[in-house]
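# build the 3D model from these lines:
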Amino acid sequence: MPSLHSGSSPSMPWFLGAPVSKAIATSVVVFFVVAEVTKSHNSLSLDMEKVLNDVEIHRMFLCHLTFASIGEVILGLGVLCPLMRRFEREMGSRKFGTFLFFTTTISTCWEILLSQVFHEQMARYSGPYPQLGALLTLYHIYTPRLHPQFFGLLGFDFSEKAITYGFAAQVLFSGGLGTFLPALCGMVAGYLYTTPIFPLSKWELPELVYNLCSSLGASFIDRNPAIMASRRHRAGGVGGGNRQQLIGGDMRYGGGGAPVPPRPPMNNAPPAQQFQPTPPSEETITQLTSMGFEREAVVRALQQTDNNVEAAANRLLSGA
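This next block holds a predicted model:
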């Protein structure tokens, strides 16, 4: 096994800590390829006439599997994957999967009702539009605007969140009411899940469901390279500087390990200077305290994230 040299670091899997998101993204691509090859996109749409008259109940479930065109797949996953990965890491896979289950169930029931009202105008396209709408609700509520004046247009200032909203709007309005209404149902379902008025966020699925999903989805779990680095270190590899940093990875994402004691200095070598973290600026502290967080918690979060405002905000929002 090659040793890990100083100055290099193993690449982190993009879906590390988000196996549910990885499974969904993979399923969207696989089912799209299958539907293209078999020319069966029409059988994935939520056609209520066929559901009610021909008892094709499977359409209520298959309509969420994949998008109807390659453009929707690329743009849809481009918006969906970062949102899924971010919130699954913050909520945990178990809670995130429960969130998707309840919001999907609620939004599908509303879609059935709305399809009777907008029967002539609505032709439901296949795709995970309710899930995208529910995640956009979480993004709107829990993601702070780190740069309120990120760019300007026609005299109006927009934050960095406007970029995500812009790409999401292209996906949600790509099929008119057939794509917007399912996403709208997902948005409302996502809001109901987060509001304290309804106890949806406290509900859980039977333990058997979690155990089954854990067994079936074991192949989608990425291993943290920090663990591999730790094993190489114990095996006597070289390059302790970067490896020690990798071993002390984020425990929430599956990394971490026992702290590695520093190597003794070589003969006649000066002792290593202790690293002093740069204190956070008052501007970044004020930016986060204006969101309602206490100053001590803000300073601590900034120090733990090397003064990264976005990472500190995520840490504060997740209660870490």
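
# for Ile106, see how far away Cys213 is.
Relative to Ile106, Cys213 is positioned 20 Å away (C-beta to C-beta, to the nearest Å). For the C-beta atoms, the positions are set from N, CA and C on the backbone; glycine is no exception.

# also Pro199?
Distance, Pro199 to Ile106, by C-beta to C-beta: 14 Å.

# of these two, who's got more company?
Ile106 (20 against 8; other C-beta atoms under 10 Å).

# show me the contacts for that one.
Residues in contact with Ile106, defined by C-beta atoms under 8 Å, 6 or more residues apart in numbering, are 185, 189, 192.

# doesn't it belong to a strand?
No: with DSSP: H, G, I helix; E, B strand; the rest coil as the criterion, Ile106 is assigned helix and is not in a strand.

# shift numbering so it begins at 10
Sounds good: first residue 10 from here, last item Ile115.

# for it, give me the pLDDT.
Note for Ile115: predicted pLDDT of 91.

# where in the protein is pLDDT low?
Scanning the chain for pLDDT under 70 picks out 10-20, 56-57, 127-133, 231-286, 327-329.

# which residues in it form helices?
Along the chain, the segments classed as helices by DSSP state H run 28-47, 57-62, 68-71, 79-100, 102-126, 138-151, 170-181, 186-203, 216-225, 234-243, 249-256, 291-298, 304-313, 318-326.

# got a markdown table for those, with distance to Pro22 too?
Compiled in a markdown table, the helices of the chain are given as follows (distance: least, C-beta to C-beta, whole Å):
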| stretch | distance to Pro22 |
| --- | --- |
| helix 28-47 | 9 |
| helix 57-62 | 39 |
| helix 68-71 | 29 |
| helix 79-100 | 11 |
| helix 102-126 | 15 |
| helix 138-151 | 21 |
| helix 170-181 | 23 |
| helix 186-203 | 27 |
| helix 216-225 | 18 |
| helix 234-243 | 8 |
| helix 249-256 | 14 |
| helix 291-298 | 29 |
| helix 304-313 | 23 |
| helix 318-326 | 18 |
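
# Tyr202: neighbour count?
Per other C-beta under 10 Å, the neighbour tally for Tyr202 reads 20.

# ok, for it, nearest residue in space, not its chain neighbours?
Distances taken as C-beta to C-beta, 6 or more residues apart in numbering put Leu209 closest to Tyr202, at 4.6 Å, once the chain neighbours are dropped.

# and Ser102, by the same measure?
Val29 (5.1 Å).

# does that neighbour really touch Phe108, like I thought?
No: with contact defined as C-beta atoms under 8 Å, Val29 does not count as touching Phe108 (9.9 Å).

# still on that earlier bit, separation between the residue nearest to Tyr202 and Tyr200?
Per C-beta to C-beta, Leu209 is found 10 Å from Tyr200.

# OK, contacts around Asn323?
Contacts for Asn323 (C-beta under 8 Å, 6+ apart) come out as 95, 99.

# likewise for Leu53?
Shown in contact with Leu53 (C-beta under 8 Å, 6+ apart): 40, 44, 68, 71-72, 74-75, 77, 135.

# let's see 6 Å
Residues counted as contacts of Leu53 (C-beta atoms under 6 Å, 6 or more residues apart in numbering) are 71-72, 135.

# could you export the residues you listed as a markdown table, including neighbour count and distance to Ala143?
Converted to a markdown table, the contacts of Leu53 look like this (neighbours: other C-beta atoms under 10 Å; distance: C-beta to C-beta, whole Å):
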| residue | neighbour count | distance to Ala143 |
| --- | --- | --- |
| Leu71 | 18 | 19 |
| Cys72 | 24 | 15 |
| Ser135 | 28 | 17 |
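
# in TSV: those residues, plus distance to Leu217.
Below are those laid out as TSV (distance: C-beta to C-beta, whole Å):
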residue	distance to Leu217
Leu71	24
Cys72	26
Ser135	29
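
# now the phi/psi pair for the residue lying closest to Ala322 once chain neighbours are set aside, please.
Distance criterion C-beta to C-beta, 6+ apart; nearest residue to Ala322, sequence neighbours excluded, is Pro153 at 5.1 Å. Note on Pro153: backbone dihedrals following degrees, to the nearest 10 are phi -80, psi 160.
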